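Peer 1: need the 3D shape of this:
(one chain, ligands or ions: 1)
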Amino acid sequence: MSNQSSILIQNAQILLPNGEFLLGDLRTQKGLIMEISSKLEPNEQDTIIAATGLILLPGVIDPQVHFREPGLEYKEDLFTASCACAKGGVTSFLEMPNTNPLTINQSALDHKLKLASEKCLVNYGFFIGATANNLEDILTVNPTCGIKIFMGSAHGDLLVSKEEEIETIFAKGSRLIAVHAEDQARILERKKQFATETDPAIHSVIQDETAALNATKLALKLSQKYQRRLHILHLSTGIEAEYLRTNKPSWVTVEVTPQHLVLNTESYAKIGTLAQMNPPLRSPQNNEILWKALLDGVIDFIATDHAPHTLEEKAKGYPNTPSGMPGVETSLPVMLTQAKQGRCTIVQVSNWMSTAVAKAYKIPNKGKIEIGFDADLVLVDLNNYRPVLREEILSKCGWSPFEGWDLTGYPIYTIVGGEIVYAQGKVNTNVRGKALNFGE
Ligand code: DOR
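Peer 2: Alright, predicted model coming up:
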């Protein structure tokens, strides 16, 4: 199907930009949202989607994923990851530079963009990775959603952990800087201290709350000093959230992952090293403080940090296991299940997973169901519950930290640029996404 054709979605609960739901119809044409009304008459060329009982939301924009291509395709690749996106209602993603080669210059970025144009079922954008010596590259490459600094928890050239080096990056230019905020020196010290431990729960003790707070404070200090646009990736602790409550400049944004909201240190006893990620999961009390910060607007939006590793790698035994877990397939149902249980509203979930992300990264024409906006949409079912099953996972890693969780809010249809990329359990692998644009 080409996006020259039109789709008529009939009788959905349509989430409008004012936060109200309209029970009605929506027509897409040439990749855009063309008409929204309580009743639209079908045309000959319309593909009809009967959406009675379903909720129509703007497609999810996941602003932090690791899709492993090029170089680590045995874990995931842009095709498998984007199939998982289609199933999860994720119509656009922003991907991280820790691939091989690292995405640290224009030619590596161009290569990723070319691969994505060939293989990606959904829309894509890429971060440029900072090293200690690629300042010119990070300021001039295009298109990029921003500069990623691993202040901690990285290896090789992507680790920029010394204050002078980090400051050099903050001091020049105006492009958004997104930080993985962990204090590498403290982590290394504590790794030595706990070197004989093999229980994965020790991961949260080694890379502790103070390690996260130290780095977040440093990033905020530099952002203040240079008035530099800063985004704090995957906030994990209550102490950081409380610090931000009183020390967050207007030009700073913050994200949290679903797993830092609903998983915690008790997860190690249930799923072992599958719960291991960076920054680590924290105590149940931290879940509560992060929820409060999200509801209060201290945290602006949600990212999955989709970071797949194979089950063989995850079976190596701590500390030889890699950190990270997949997320794009489950993030929307996990969050909508929380909404259904009264923790937040559907409108808030959609804002955190779409509208607020488009705004923060200045992605034009996305994140709202509005006439003239791109037809990136997801129809979800909040009437039925189903468990997450390993055998249904599309991510190449083949597992989820949410296996066995009984969730609602699964996508029934996902539409990218006016084309149906996922329908009732089936991915349409002929669809291709587009490169995202980012305003300055
Ligand atoms: O747990 C993580 N895994 N956190 C990161 O920041 C990187 C990621 C990965 O690439 O595996």
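Peer 1: check contacts around the closest residue to the ligand within the chain.
Peer 2: The minimum distance from the chain to the ligand, using CB to the nearest ligand atom, falls at Gly324 (3.0 Å). (Glycine included, C-beta is placed from N, CA and C.) Applying CB atoms under 8 Å, 6 or more residues apart in numbering to Gly324 gives the contacts 66, 276-278, 305, 307-309.
Peer 1: neighbour-wise, which of these leads?
Peer 2: Among the contacts of Gly324, the one with the most neighbours (other CB atoms under 10 Å) is Pro308, at 29 neighbours.
Peer 1: correct me, but Tyr74 touches Thr310?
Peer 2: Yes: look at Tyr74 against Thr310 with CB atoms under 8 Å: they come within range, at 6.8 Å.
Peer 1: quick one, what contacts Ala358?
Peer 2: By CB under 8 Å, 6+ apart, the contact list for Ala358 reads 61, 366-368.
Peer 1: can you pick the most crowded of these?
Peer 2: Highest neighbour count within those: Ile61, with 29 neighbours (other CB under 10 Å).
Peer 1: what's the distance between that residue and Leu436?
Peer 2: 9 Å (CB to CB, to the nearest Å).
Peer 1: what is in contact with the two at once?
Peer 2: With CB under 8 Å, 6+ apart, Ile61 and Leu436 have common neighbours 92, 94, 361, 363, 366.
Peer 1: helix, strand, or coil at the first one?
Peer 2: Put simply, Ser92 is strand when judged by DSSP: H, G, I helix; E, B strand; the rest coil.
Peer 1: got it, and Val179?
Peer 2: Under three-state DSSP, Val179 falls in the strand class.
Peer 1: who does it form a beta bridge with?
Peer 2: Residues in a beta bridge with Val179, per DSSP bridges, are Ile149, Ile232.
Peer 1: run through who's touching stretch 35-53.
Peer 2: Looking at what lies outside stretch 35-53 - CB under 8 Å, 6+ apart - the contacts are 1, 5-12, 14, 16, 22-27, 369, 371, 379, 381, 383, 413, 420.
Peer 1: now do it, average pLDDT.
Peer 2: In this model, stretch 35-53 has a mean pLDDT of 97.
Peer 1: what's the spacing between it and its chain's center?
Peer 2: A distance of 31 Å separates the centroid of the chain from that of stretch 35-53, by CA atoms, centre = their mean, to the nearest Å.
Peer 1: kindly reformat the contacts of Gly324 as TSV containing pLDDT.
Peer 2: Shown next, in TSV, are these (pLDDT from 0 to 100):
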residue	pLDDT
His66	98
Gln276	98
Met277	98
Asn278	98
Asp305	98
Ala307	98
Pro308	98
His309	98
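Peer 1: for Gly152, state which of those residues is nearest.
Peer 2: Distance to Gly152 across the contacts of Gly324 (CB to CB) is lowest for Asn278, with 8.0 Å.
Peer 1: am I right that that closest one is in a strand?
Peer 2: No: going by three-state DSSP, the assignment for Asn278 is coil, not a strand.
Peer 1: and the pLDDT for His155?
Peer 2: 84.
Peer 1: tell me which stretches of the stretch 251-400 of the chain form helices.
Peer 2: 258-262, 267-271, 284-296, 311-314, 331-340, 346-350, 356-360 (DSSP state H, counting those that start in this stretch).
Peer 1: would you reformat these as TSV and include distance to Thr429 and mean pLDDT?
Peer 2: Listed next are the helices of the stretch 251-400 of the chain as TSV, based on distance: least, CB to CB, whole Å; pLDDT from 0 to 100:
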stretch	distance to Thr429	mean pLDDT
helix 258-262	26	99
helix 267-271	30	98
helix 284-296	35	98
helix 311-314	24	98
helix 331-340	20	99
helix 346-350	27	99
helix 356-360	25	98
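Peer 1: could you redo the ones you listed as JSON lines and give each row distance to Gln207?
Peer 2: Listed next are the helices of the stretch 251-400 of the chain as JSON lines, based on distance: least, CB to CB, whole Å:
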{"stretch": "helix 258-262", "distance to Gln207": "13"}
{"stretch": "helix 267-271", "distance to Gln207": "13"}
{"stretch": "helix 284-296", "distance to Gln207": "13"}
{"stretch": "helix 311-314", "distance to Gln207": "17"}
{"stretch": "helix 331-340", "distance to Gln207": "23"}
{"stretch": "helix 346-350", "distance to Gln207": "28"}
{"stretch": "helix 356-360", "distance to Gln207": "26"}
